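Novice: Predicted model, plus sequence, below.
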Amino acid sequence: MSNAFDARFYDRHVADVAQRLIGAALSLDGVGGMIVETEAYDRDDPASHSFAGATARNAAMFGPAGHAYVYRSYGLHWCFNIVCRPGAAVLVRALEPVSGIPAMIRRRGMEDLRSLCSGPGKLCQALAIGGEHNGLPLAHGSLRLELPDRPCEVTAGTRIGISKARDHNWRFGLAGSKFVSRAFPTTR
DNA sequence: GAGACGATTGGCT
DNA sequence: GCCAATCGTCTCA
C-alpha cells in the first residue's frame, strides 16, 4: 500500500498521481479535510508553470517530490500543489471540510460548508496556506497528507481556468461529491 | 524600468 | 454569464 511518506508514490505519471490523491486527507495544524478535486500539470505541458523551465517562482516544482508548491494567483489568492516528478505537480482544487471547521468558517467569513474549500484559492484561505509553506515537505510537520486505504471512484474532465492545452482530461474529482469547485460533465 | 498577463473569486446583471 | 479587483512574475528594452 502506497503512502504519502513514500517517494515512490510520486514516481508515476502526474495524471495518475492526481487521481490517486482523490480521497486523501490534507490538513494544516489540524485544520483540513478530504481532497475531492485535483488537476495535473506536467513538465511538457504548455499550461504548466514549469513548461518554460525553472524560475525563482516555480523552483519548488523542480524540488523533491512530496513537497508543497504554493504560488500566488491573480495577485490575491494562493494555490496549493503537490510536487511529483521534476516539473510536474498536482493542483489541489477542492476539499470536503472535515476537521477544524470553525477555524475555516472564521477565515472564510461564511458558514456554508460547500463554500469553504470549493476552489484552489478558497481552500488555501480556509487552511491558512500561504507563501511561507512553499517548498515544505508534506510527510511531517504541520502540513499533513494521508492517502486513502483504497482508491476512490473518480470522474475526469478538462482543466479549469487555463488558456493552453485545454484538451487534456487532467481534472479529477470524487464521483458524486458536492464539494467540487464546479460540477463535472455528467458521465454515462 | 515598463507593460502584459494570470492554474481565481465574489458580486452584480 | 460578465467583469473588476490586485500584484507578483516574466519578458523585453
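Specialist: On my side now, so go ahead.
Novice: Check the closest residue to A:His77 other than its chain neighbours and give its pLDDT.
Specialist: Take A:His77 and drop its neighbours on the chain: the residue closest to it by C-beta to C-beta, 6 or more residues apart in numbering is A:Gly121, 3.1 Å away. Quick note: C-beta positions are derived from backbone N, CA and C, even for glycine. Note for A:Gly121: predicted pLDDT of 98.
Novice: need the strands for chain A, in chain order.
Specialist: For chain A, applying DSSP state E gives strands covering A:25-28, A:31-41, A:68-73, A:77-83, A:89-99, A:143-146, A:154-157, A:171-174.
Novice: one step back: which residues sit in contact with the residue nearest to A:His77?
Specialist: Contacts here follow C-beta atoms under 8 Å, 6 or more residues apart in numbering; on that basis A:Gly121 touches A:Ser73, A:Leu76, A:His77, A:Trp78, A:Cys79.
Novice: how deep is the last one tucked in, by neighbour count?
Specialist: Burial of A:Cys79 is recorded as 20 neighbouring residues (other C-beta atoms under 10 Å).
Novice: For it, which non-adjacent residue is spatially closest?
Specialist: A:Pro120 (4.3 Å).
Novice: and the gap between the one you found and A:Asp11?
Specialist: 25 Å (C-beta to C-beta, to the nearest Å).
Novice: More neighbours: these two, which one.
Specialist: A direct count of neighbours by other C-beta under 10 Å for A:Pro120 and A:Asp11 places A:Pro120 higher, at 24 against 11.
Novice: my guess is that one meets A:Ser73, correct?
Specialist: Yes. A:Pro120 lies in contact with A:Ser73 (C-beta atoms under 8 Å); the separation is 7.3 Å.
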